[in-house]
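Enquirer: have a look at this fold, sequence not included:
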């Protein structure tokens, strides 16, 4: 998949170069992500047991409790957060967690929202570069 | 993309002219305003803060950073429950480190000028925003109550952004702050339900649970309810609706302030159909509220949202008639204002003699207060019923106040078979 360039809307600014970690379902970080290990712990989630630390966590949507903001912040504090987050719809809770992390700690993940058609072009493990203007480029391995 | 227009005051905040806490707060608010596509900020009249509940050191560090940056609230601001009952710290069943960090988080928010009322019912503890006022409130039951019953305007705010609003006095103008987004978009009728049900408190959490489950993207209006619904009934309806789903606003036609008529609730745009709620719908929601069949119970917990004095007035005669079984832990969560009322009426001593544990400042599903980590908890609260299994590990059984008290007396579930008849 060479040369894919997608224009997203930047919810929390920043840059990242990391592989896509595609989640098969929306995830509530509250009760869904262990901030000490970066591991998905929601037993009903199809990606349970996988680690998103340092990856571009790519999921259609967040879900559930507003306390998810705290989990994202805590994961960043413990240096177990994702490198970036790509969504297919705006999520205020994840955006807030990342915006606060950006103020509090240095390495907050940028958050980008894509339209669904573009989002569906992303595949698991593809290396991407996220630029500060919301451009997402795939990088050949 | 919408342009975000900032006033001179907003820009001064961003430049740090009101201190580093104001700067950080405004930067976070700007990020959120842009994400939501807001074009401006509006002034808020009050705030209610959920961030004082400790659940991780990052939240504690965030509060410390604000205090160090001279963060002070600029609007009347109240605090939601914390993780420790500061008046009865001995009731805490967690570790000493958790208790210390929980109490420290609560004190940091007090240092910023927040009023330490520590309740999820600020609206019953002398913090009642006026109709139409713009506010920034956290705590799901308080949000739905403020919007629906008081007609104040808030989105579903939560940790971090709540204190940013209180420090700056500003909220992004989006969502339920704006009149056009408060319109009922789905209408239900309860005309097919038996009228006797409407007199019973136990009906309202079940109706709320139904509305929450079925209105994740819509704002419901309900027609056909009598106008004798009490404030406490609206409170428990809202709390359940914000637990099963994420409801932030409902309209009860003829009762709540933006719904004097159905036409008002819908702002003149009536939906094509009116959905009739059936007894089967109600029984299905009721079934969601218990996780095990009727049997032995270990704990009874009341007071989510925090119990009012009116609710205590209903409880007292029941407890006198049906004394609590010694093996059952019986807890009622309430706020400090109601606690004062209990003392004045001489009820607090009576309750203690009857082995009722009164909890203030916190509650059973956010703090380790239950003495057992297995067994079954019975409650009349839709919100406790929803959160008990995940947050405490206990099974849960839902019932009316009378069912809970009589079950506490027996140590096993007692049922009023007349409650849910057609």
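Expert: Received the coordinates, thanks. Note that this is a predicted model, so its numbers are computed, not measured.
Enquirer: quick one: the strands in chain A?
Expert: Under the criterion DSSP state E, chain A contains strands at A:5-7, A:9-12, A:16-22, A:33-34, A:39-40, A:56-59, A:84-87, A:111-113, A:127-130, A:135-139.
Enquirer: who touches the residue of chain A at minimum distance from chain B in this structure?
Expert: Residue nearest to chain B within chain A: residue A:66 (3.1 Å; C-beta to the nearest C-beta). For the C-beta atoms, the positions are set from N, CA and C on the backbone; glycine is no exception. Residues near residue A:66 by C-beta atoms under 8 Å, 6 or more residues apart in numbering or on different chains: A:93, B:50, B:138, B:156, B:157, B:158, B:159.
Enquirer: what about the last one, how many neighbours?
Expert: Per other C-beta atoms under 10 Å in any protein chain shown, the neighbour tally for residue B:159 reads 26.
Enquirer: wait, a helix at it?
Expert: No. Using DSSP: H, G, I helix; E, B strand; the rest coil, the assignment for residue B:159 is coil, not a helix.
Enquirer: name the nearest residue to it, ignoring sequence neighbours.
Expert: In space, and not counting its chain neighbours, residue B:159 is closest to residue B:51: 4.5 Å by C-beta to C-beta, 6 or more residues apart in numbering or on different chains.
Enquirer: closest one to residue B:176 among the strands of chain A?
Expert: Across the strands of chain A, residue B:176 has its closest neighbour in strand A:9-12 (20.3 Å, C-beta to C-beta).
Enquirer: pull the contacting residues for the residue nearest the centre of chain A.
Expert: By C-alpha atoms, centre = their mean, chain A has its centre lying nearest to residue A:85, at 2.0 Å. Residue A:85 makes contacts with A:56, A:57, A:58, A:59, A:94, A:98, A:109, A:110, A:111, A:112, as judged by C-beta under 8 Å, 6+ apart.
Enquirer: do residue B:350 as well
Expert: residue B:316.
Enquirer: where does chain A dip in pLDDT?
Expert: Along chain A, segments meeting pLDDT under 70 span A:1-2, A:64-65, A:141.
Enquirer: near chain B, which residues of it?
Expert: A:9, A:11-12, A:31, A:35, A:66-67, A:69-71, A:73-74, A:76-77, A:90, A:92-93, A:95-97, A:99-100, A:102-104 (C-beta under 8 Å from any C-beta of the partner chain).
Enquirer: what count of nearby residues applies to the closest residue to the residue nearest to the centre of chain A other than its chain neighbours?
Expert: What sits nearest to residue A:85 in space, not counting adjacent residues and going by C-beta to C-beta, 6+ apart, is residue A:111, at 4.6 Å. Using other C-beta under 10 Å, residue A:111 has 31 other residues around it.
Enquirer: how near is residue A:111 to residue B:235?
Expert: From residue A:111 across to residue B:235, the span is 35 Å (C-beta to C-beta, to the nearest Å).
Enquirer: which parts of the stretch 151-300 of chain B sit against chain A?
Expert: B:156, B:157, B:158, B:159, B:160, B:161.
Enquirer: try 10 Å this time
Expert: B:155, B:156, B:157, B:158, B:159, B:160, B:161, B:162, B:164, B:174, B:175, B:246 (C-beta under 10 Å from any C-beta of the partner chain).
Enquirer: the residues you listed into CSV, with extra columns for distance to residue B:272?
Expert: Formatted as CSV, these follow (distance: C-beta to C-beta, whole Å):
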residue, distance to residue B:272
B:155, 28
B:156, 28
B:157, 33
B:158, 34
B:159, 39
B:160, 40
B:161, 36
B:162, 38
B:164, 41
B:174, 27
B:175, 25
B:246, 25
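Enquirer: can you give me the strands in chain B?
Expert: Applying DSSP E to chain B gives strands spanning B:41-43, B:46-49, B:77-79, B:135-137, B:170-172, B:186-189, B:220-223, B:251-252, B:274-276, B:299-307, B:329-334, B:356-360, B:376-379, B:395-398.
Enquirer: which one of those is the most hemmed in?
Expert: Stretch with highest mean neighbour count among the strands of chain B: strand B:135-137 (a mean of 31; mean count of other C-beta atoms under 10 Å in any protein chain shown).
Enquirer: can you pull up the most central residue in chain B?
Expert: Geometric middle of chain B (C-alpha atoms, centre = their mean) lands on residue B:141, at 2.4 Å.
Enquirer: quick one, grab the pLDDT at it.
Expert: At residue B:141, the pLDDT value in this model is 94.
Enquirer: OK, contacts around it?
Expert: B:80, B:120-121, B:123, B:208, B:235-243, B:304-306, B:381-383 (C-beta atoms under 10 Å, 6 or more residues apart in numbering or on different chains).
Enquirer: before we move on, the earlier item: tell me how many other residues crowd the residue nearest to residue B:159.
Expert: With other C-beta under 10 Å as criterion, residue B:51 counts 29.
Enquirer: was I right to think it contacts residue B:83?
Expert: No. Applying C-beta atoms under 10 Å, one finds residue B:51 not in contact with residue B:83, separated by 11.8 Å.
Enquirer: any common contacting residues for the two?
Expert: What both residue B:51 and residue B:83 touch, as defined by C-beta under 10 Å, 6+ apart, is the set residue B:105.
Enquirer: by proximity to chain A, which residue of the stretch 201-350 of chain B wins?
Expert: As assessed by C-beta to the nearest C-beta, chain A sits closest to residue B:246 within the stretch 201-350 of chain B, at 8.5 Å.
Enquirer: and that residue, how many neighbours?
Expert: Neighbourhood size, residue B:246 [other C-beta under 10 Å]: 18.
Enquirer: in stretch B:245-262, which residues are buried?
Expert: Residues of stretch B:245-262 classed as buried: B:245-256, B:258-259, B:262 (neighbour count, 16 or more other C-beta atoms under 10 Å in any protein chain shown).
Enquirer: greatest separation within these: which pair is it?
Expert: Counting by C-beta to C-beta, the most remote pair of these is B:246 and B:254, 25.4 Å apart.
Enquirer: what about the residue in the stretch 101-250 of chain B that chain A sits nearest to, distance to residue B:326?
Expert: As assessed by C-beta to the nearest C-beta, chain A sits closest to residue B:158 within the stretch 101-250 of chain B, at 3.1 Å. Counting by C-beta to C-beta, the gap from residue B:158 to residue B:326 is 40 Å.
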